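Peer 1: Return atomic coordinates for the entry below.
(chains A and B)
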Number of protein chains: 2
Amino acid sequence: MTYVPPAPSELAMVPFVSVENMMRLVNETGPEQVMIELAEFIEADFRRWPEFDKTPRVASHSRDGVIELMPTADRDNYGFKYVNGHPKNMREGFQTVTAFGVLSSVANGYPILLCEMTVLTALRTAATSALVGKYLAPEGSKVMAMIGNGAQCEFQALAFKAICGIDTVRLYDIDAMATAKAAKNLQGTGLTVLSCSSAEEAVEGAQIVTTCTADKQYATILTDNMIGAGIHINAIGGDCPGKTELHRDILLRSDIFVEYPPQTRIEGEIQQLEEDYPVTELWQVMLGEKQGRQDARQITLFDSVGFAIEDFSALRYIHAKLKQTDNYQMLDMLADPDDPRDLFGMLERAKG
Amino acid sequence: MTYVPPAPSELAMVPFVSVENMMRLVNETGPEQVMIELAEFIEADFRRWPEFDKTPRVASHSRDGVIELMPTADRDNYGFKYVNGHPKNMREGFQTVTAFGVLSSVANGYPILLCEMTVLTALRTAATSALVGKYLAPEGSKVMAMIGNGAQCEFQALAFKAICGIDTVRLYDIDAMATAKAAKNLQGTGLTVLSCSSAEEAVEGAQIVTTCTADKQYATILTDNMIGAGIHINAIGGDCPGKTELHRDILLRSDIFVEYPPQTRIEGEIQQLEEDYPVTELWQVMLGEKQGRQDARQITLFDSVGFAIEDFSALRYIHAKLKQTDNYQMLDMLADPDDPRDLFGMLERAKG
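Peer 2: Predicted structure coming up:
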């Protein structure tokens, strides 16, 4: 006779959103609408920034890459993301970056959500960029240059369309296959998509310039002469020590906006500058404590590296969203003996 | 027509051991045999201690408890445990401590195991205690006093039986119900079980004294006059700042052995002593670089707090064990687009 153990109690169960369920959830709502809603959650959390327990990410470096844990918490919830970064993975058929995350109750420490975050991180990164664009891009921006047409490219284009109202993207990548992939994926989204043959061509007439390349090195994707007055630069790809995309001279001509200075000074474009170079924290701009864009000729730069609070907002959003869908499964992750002191008895009774 | 998306590829799947499957796995092998095998994995990892990336746990404290991440890595694998500690949970029908863990490949950063660790931590803690007992307890020890008869009690008793050869446990808890629970669970295990009405009575004739109480406070479970020459003390319960079990005078009469001094000085019994009080690291004893027990009259003390490497060993053990069983399920945790740069296309194609 096959033994069938008793079903675990509800207290022991944690909802899990797999990649398949995340894709269903995003496609049911539509990626643009998901990023609009995500940006609302992210903005709400940026506006209560001082309430969060903030800590730099905990990184474990190896020859080929890094594995990181990014925790944060407010009074009610604790969240963390596990994320790796292995540039050589792509050549071997693996993802450079994969991620998952957990949201928990601070009151009793129990996890309340386990969630894939490879897809979700792509969405939250683009939603954050476009949210920041709303505060910093020149009024009436319609055209965005996208330099680097990898995994993040289409998400950025659609987020800026949905949240900032752009209608045209000008694509460029050193690999024409990447540009062709992005152009094809963006067909039928309502955006005018132009494929360019150089970064110089891509930035022509753009009010917003997004850089999003993947090589781990000090690179110069934008040189000083390519950036005219009034541009907003959304710099995504310079996001770890030894990896930058912008020439230092551009930084010196820009007003620089960041998520969390202690982390950005290590990981962002500003690793090229002195430790105390003045930067503005975005949460203060969103709260109205600091000014965002002040005039039409100013160059603004979002030196994006991705902070734990954005992942927290994304987990909070998915957790709220689960109430409206059945795109999850319940996992028996937590032991729940009848008497909390009787863990051994639970094990014995499971023999049936 | 209901949409059925394509099955995720094998690269996207991570084996998950639920509580139910952990209980099956432990009951199929038997808890004593599992702890013998776990102790072998733990000893092997202690003996290559310098190879590990070691970092103190990352804790997020709140009014009612703490949530911690405990990462570590060797050249091949990265592991971390999520664990909470909420003393008030028991009164509300929740577990004081719940845990889960992840083991990953360092080479590409992909998780290779997600595992419940509430049951597994109980097993690894007892296996570690008994492994240390093998090095420090007096030769021919047969009798162990168990002060504190909560969730860890039966695991300790069986680990010391299986690994150190004890044949008798003398139980005491301030709550007689806890003692009755443990005595009942230990019936038929081959141990002689005696329920005592005081801690003083419990230690009579014992060569090993295990303290394992749960209240978060500075407590004095053992006073100096209760500990005679030659005893090995296995102190489990003093494991976070502000929580100790032993009178300071006992510490001063003992030779103290610890897992990882930077963590034990904050969390263990030795938080009562000066910062540079001499302690011996267990991995050095296991390697033969330092002496364990030197004579029959010496008092030895294992100031146990639980270190990330023990969880790493436990995850490594379960991962190896999965090859022999089907006690797991596969979770679609990782996105795996055909082209790693085409995350957006994967999302589009999932529309079917």
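
Peer 1: Single out the residue in the stretch 101-250 of chain A that lies closest to chain B.
Peer 2: A:Gly109 (2.5 Å; C-beta to the nearest C-beta). To be clear about C-beta, it is placed using only N, CA and C from the backbone, and glycine gets the same treatment.

Peer 1: which one is that residue nearest to, not counting chain neighbours?
Peer 2: The spatially closest residue to A:Gly109, leaving aside those adjacent along the chain, is B:Asn84, at 2.5 Å (C-beta to C-beta, 6 or more residues apart in numbering or on different chains).

Peer 1: and if you look at A:Asp342?
Peer 2: Among residues not flanking A:Asp342 along the chain, B:Lys181 sits closest, at 5.6 Å (C-beta to C-beta, 6+ apart).

Peer 1: for A:Ala314, same thing?
Peer 2: Excluding the flanking residues, the one nearest A:Ala314 by C-beta to C-beta, 6+ apart is A:Arg124, at 4.2 Å.

Peer 1: And A:Ile208, by the same measure?
Peer 2: Excluding the flanking residues, the one nearest A:Ile208 by C-beta to C-beta, 6+ apart is A:Met144, at 4.2 Å.

Peer 1: With A:Met13 instead?
Peer 2: Spatial nearest neighbour of A:Met13, excluding adjacent residues (C-beta to C-beta, 6+ apart): A:Met330 at 4.3 Å.

Peer 1: In the sheet, which residues pair with that neighbour? Tell me.
Peer 2: Here A:Met330 sits in beta bridges with A:Pro15, going by DSSP bridges.

Peer 1: After the one helix or strand A:Ser104 maps to, which helix or strand is next?
Peer 2: Element membership for A:Ser104 (DSSP states H and E) is strand A:99-105. Sequence order places strand A:111-116 as the next helix or strand after strand A:99-105, per DSSP H and E.

Peer 1: and the next helix or strand after that following strand with strand A:99-105, angle?
Peer 2: Following strand A:111-116 in sequence order, the next helix or strand is helix A:118-136 (DSSP H and E). Between the axes of helix A:118-136 and strand A:99-105, defined by axes from the mean of the first three to the mean of the last three C-alpha atoms, to 10 degrees, the angle is 80 degrees.

Peer 1: any idea of the mean pLDDT in helix A:118-136?
Peer 2: Average pLDDT, helix A:118-136: 97.

Peer 1: ok so, going back, list the contacts of the strand holding A:Ser104.
Peer 2: Contacts with strand A:99-105, where a contact means C-beta atoms under 8 Å, 6 or more residues apart in numbering or on different chains, come from A:76-84, A:110-118, A:120-121, A:311-312, A:314-316, A:319, B:67, B:82, B:84, B:111, B:333-334.

Peer 1: The residue of the stretch 101-250 of chain A closest to chain B reaches B:Gly85, doesn't it?
Peer 2: Yes - between A:Gly109 and B:Gly85 there is a contact under C-beta atoms under 8 Å: 7.1 Å.

Peer 1: more crowded one of the two?
Peer 2: Ranked by neighbour count (other C-beta atoms under 10 Å in any protein chain shown), A:Gly109 and B:Gly85 place A:Gly109 first, with 27 against 22.

Peer 1: hang on, the residue nearest to A:Ile208 in a strand?
Peer 2: Yes - under DSSP: H, G, I helix; E, B strand; the rest coil, A:Met144 sits within a strand.

Peer 1: coming back round to it: does the residue nearest to A:Ala314 touch A:Arg316 like I think?
Peer 2: No - A:Arg124 sits out of contact with A:Arg316 when judged by C-beta under 8 Å, with a separation of 10.9 Å.

Peer 1: Mind checking which of these two has more residues around it?
Peer 2: Neighbour count, other C-beta under 10 Å: between A:Arg124 and A:Arg316, A:Arg124 has more, with 28 against 21.

Peer 1: Check the spacing between that one and B:Phe46 real quick.
Peer 2: Distance, A:Arg124 to B:Phe46, using C-beta to C-beta, to the nearest Å: 40 Å.

Peer 1: so where is the stretch 201-350 of chain A shaky, pLDDT-wise?
Peer 2: Counting by pLDDT under 70, the stretch 201-350 of chain A contains low-confidence ranges at A:214-216, A:218.
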